[in-house]
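[1] I would like the atomic coordinates for the input below:
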Amino acid sequence: MSLRLKQAPKVWKLASDLGLKKTDDPVAVILRYCDRKVRGFLHDNPDCVSPSDLLDWVASKVGTRFEIANTTHELLYIKQKYVARGEKIFARLIEEFPDDVFGITFRLSNREGWEPEFVSIIDCRDHKATRRYYTKWHEIAHLLVQTDQMRLSFRRTHCEAGLKDPEEALIDVIAGRFAFYQPFIKEHAKGELSFETIEELRARLCPEASQQSALIGFVSAWPEPCLLVQAQPALRRHEQALLGHESFGLIEEPQPSLRAVKVSPNDAAREIGLKIFANMRVPEQSVIYKTFIGEIDSGEAEEDLHWWQASSGTQLQKRRVRVLARQAWGAVQALILPID
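    This is a model prediction of the structure:
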């Protein structure tokens, strides 16, 4: 968890508003609070056995229903339906969905006693369709931490992580936790992890999830150690800092090297110290490098983390690992697992 998020005043205030104990890590405390709520919901429904089941059940328990808009015509229909019921907050629904807004949750003011208190509108038009599953969980996450301030609406926007409002970033963390809820994933974690295993589980347990979100989510929830790496050409950090500097044109322009631009360890990997530092250069003998240059489309190999070397010259400690790599949108995705 980023230090920035743990130290954010908005996150501290949310923990306080929820009546949680003071701690050095309010994010962890809020996640435990949400976990207790979800486990309580599950106690009432033992037939809930998959992430998709959990999504529908938790939505009902936090008091929302989903309205899905696959086209602008459908979004207009949703607007007209609720405006006709006297829900004035829906009057500008079309304008509420610019390109970077994926979901909105409104509190109903003219509902029947049997109706949910909230409606969550999920924009699935065009490129937003692949984020349907995650957007639903984002809206639910807002309601899991709803406090007595009783806000009338929530929005799910999409932007770079470093630019997000801290509360929205926290909601993303909560959504990611339950979209691929570890107790359910553990039940199906049989055999060795692979890209094929993840895709099979996605199709069976949460077909609404995108392939990319499932890759991230299943690796994070997997009970055995694993690193998820995205490798693509990049400069060293000090070279990146020089870009745009007036002196940059006076020196020879550096060339990008294949680097591990994103490294995501799961909890089990952190526990055993399995790690690669972000932006480390990919060793040329690695199957990751061979996949990137097109020598192979995808591959698997036994390797040693000692091959990885930082710009300072420091090498990682010796550790045998199994590496699975595949090409993905101009980059290479890799799963790195320890060999006992």
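
[2] all contacts plus neighbour counts: C-alpha atoms, from now on.
    Noted.

[3] So Lys81: helix, strand or coil?
    Assigned state for Lys81: helix (three-state reduction, DSSP: H, G, I helix; E, B strand; the rest coil).

[4] That one: how many residues sit nearby?
    When counting by other CA atoms under 10 Å, one arrives at 13 neighbours for Lys81.

[5] separation between it and Glu115?
    When CA to CA, to the nearest Å is the yardstick, Lys81 and Glu115 sit 15 Å from each other.

[6] Likewise for Glu199?
    When Glu199 is compared with Glu115 (using CA to CA), they lie 36 Å apart.

[7] between the two, which one's more packed in?
    Comparing Glu199 with Glu115 by neighbour count (other CA under 10 Å), the higher total belongs to Glu199, at 18 against 13.

[8] Am I right that the more buried one is in a helix?
    Yes. For Glu199, which was evaluated using three-state DSSP, the result is membership in a helix.

[9] need the contact list for it.
    Residues in contact with Glu199 (CA atoms under 8 Å, 6 or more residues apart in numbering) are Gln211, Ala214, Leu215.

[10] pLDDT score for Arg4?
    Per-residue pLDDT puts Arg4 at 80.

[11] so where do the helices sit in the stretch 201-340 of the chain?
    Listed in chain order, the helices found in the stretch 201-340 of the chain under DSSP state H, counting those that start in this stretch are 211-221, 237-242, 267-272, 287-292.

[12] List just the one of these that sits closest to Trp307.
    Taking CA to CA, helix 287-292 is the member of the helices of the stretch 201-340 of the chain nearest to Trp307, at 11.9 Å.

[13] got the contact list for the closest one?
    231, 258, 282-284, 296-301, 323-327, 331-334.

[14] Please repeat the previous calculation with a cut-off of 6 Å.
    Contact partners of helix 287-292, identified using CA atoms under 6 Å, 6 or more residues apart in numbering, comprise Asp297, Ser298, Ala325.

[15] Could I get the average pLDDT for it?
    The average pLDDT for helix 287-292 rounds to 95.

[16] for stretch 66-79, same thing?
    97.

[17] can you check stretch 111-128 too?
    92.

[18] Count the residues that sit near Ile122.
    Per other CA under 10 Å, the neighbour tally for Ile122 reads 27.

[19] From Trp137, how far off is it?
    Computed as CA to CA, the Ile122 to Trp137 distance reads 11 Å.

[20] Please indicate which of the contacts of helix 287-292 are buried?
    Neighbour counting over the contacts of helix 287-292 (16 or more other CA atoms under 10 Å) leaves Ser298, Ala325 as the buried ones.

[21] Show me which of the contacts of helix 287-292 is closest to Gly103.
    Checking the contacts of helix 287-292 against Gly103 with CA to CA, the nearest one is Ala325 at 33.5 Å.

[22] ok, back up a step: most tightly packed of the helices of the stretch 201-340 of the chain?
    helix 287-292 (a mean of 24; mean count of other CA atoms under 10 Å).

[23] doesn't Ala231 make contact with Ala260?
    Yes. Contact between Ala260 and Ala231 holds when scored by CA atoms under 6 Å: they sit 4.3 Å apart.

[24] okay, these two: which has more neighbours?
    With neighbours defined as other CA under 10 Å, Ala260 and Ala231 compare such that Ala231 has more, 29 against 25.

[25] Tell me what that one is bridged to.
    Note on Ala231: beta-bridge partners Ala260, Val332, judged by DSSP bridges.

[26] quick one, what contacts it?
    Arg259, Ala260, Val261, Ala331, Val332.

[27] Next, the buried residues of the longest helix anywhere in the chain.
    What stands out as the longest helix in the chain, according to DSSP state H, is helix 26-43. Neighbour-count burial for helix 26-43 flags Pro26, Val27, Val29, Ile30, Leu31, Tyr33, Cys34, Asp35, Lys37, Val38, Phe41, Leu42 (criterion: 16+ other CA under 10 Å).
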